[in-house]
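Enquirer: Pasted the sequence and its predicted model underneath.
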Amino acid sequence: MENTYQNEERYFEAKKQVEEIKGFYGNLTAYIVFNIALLIINLVTSPEHLWFFWPMLGWGIGVIFHGMKVFNYMPFFGKDWEEQKIKEFMEKENRRKDTWS
């Protein structure tokens, strides 16, 4: 029984991770397509002022952070940090309940 529960939990965790990776690749694809379109629009309408860099830079920073989160490259706010904080908050809540009991 316990083994089945653990397998299901691992399955749903893996499925969630796959969905996050798909979301990242969707974001990356949109970033590439829209920035190529912005480059073309910029070069056709006002080639003397290259403004397409600004949205590309802003969105690019977001794509980088999204990728870091999805592929767990965030040294300060990774899974280990999240689990540690959850445990800390749960312990704090238990101590508070014990004080009121």
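Expert: Perfect, thanks for sending it.
Enquirer: Phi, psi for residue 46 please.
Expert: In terms of degrees, to the nearest 10, the main-chain angles of residue 46 are phi -150, psi 70.
Enquirer: confidence score at it?
Expert: Confidence at residue 46, expressed as pLDDT, is 95.
Enquirer: Contact partners for it?
Expert: Residue 46 makes contact with no residue, according to C-beta atoms under 8 Å, 6 or more residues apart in numbering. C-beta coordinates here come from the backbone N, C-alpha and C atoms, glycine included.
Enquirer: Repeat that for residue 5.
Expert: The contact partners of residue 5, by C-beta under 8 Å, 6+ apart, come to none.
Enquirer: Need the three-state assignment for it.
Expert: helix (DSSP: H, G, I helix; E, B strand; the rest coil).
Enquirer: Also residue 50?
Expert: coil.
Enquirer: Can you list phi and psi of it for me?
Expert: Torsion angles, degrees, to the nearest 10, at residue 50: phi -90, psi 90.
Enquirer: Please name the nearest non-neighbouring residue to it.
Expert: Nearest residue to residue 50, sequence neighbours excluded (C-beta to C-beta, 6 or more residues apart in numbering): residue 42, at 6.2 Å.
Enquirer: element containing that neighbour?
Expert: helix 2-45 (DSSP states H and E).
Enquirer: Go through the helix or strand just after that helix and flag the buried ones.
Expert: Per DSSP H and E, helix 2-45 leads on to helix 53-70 as the next helix or strand towards the C-terminus. Within helix 53-70, the residues scored as buried using 16 or more other C-beta atoms under 10 Å are 56, 59, 63, 66, 70.
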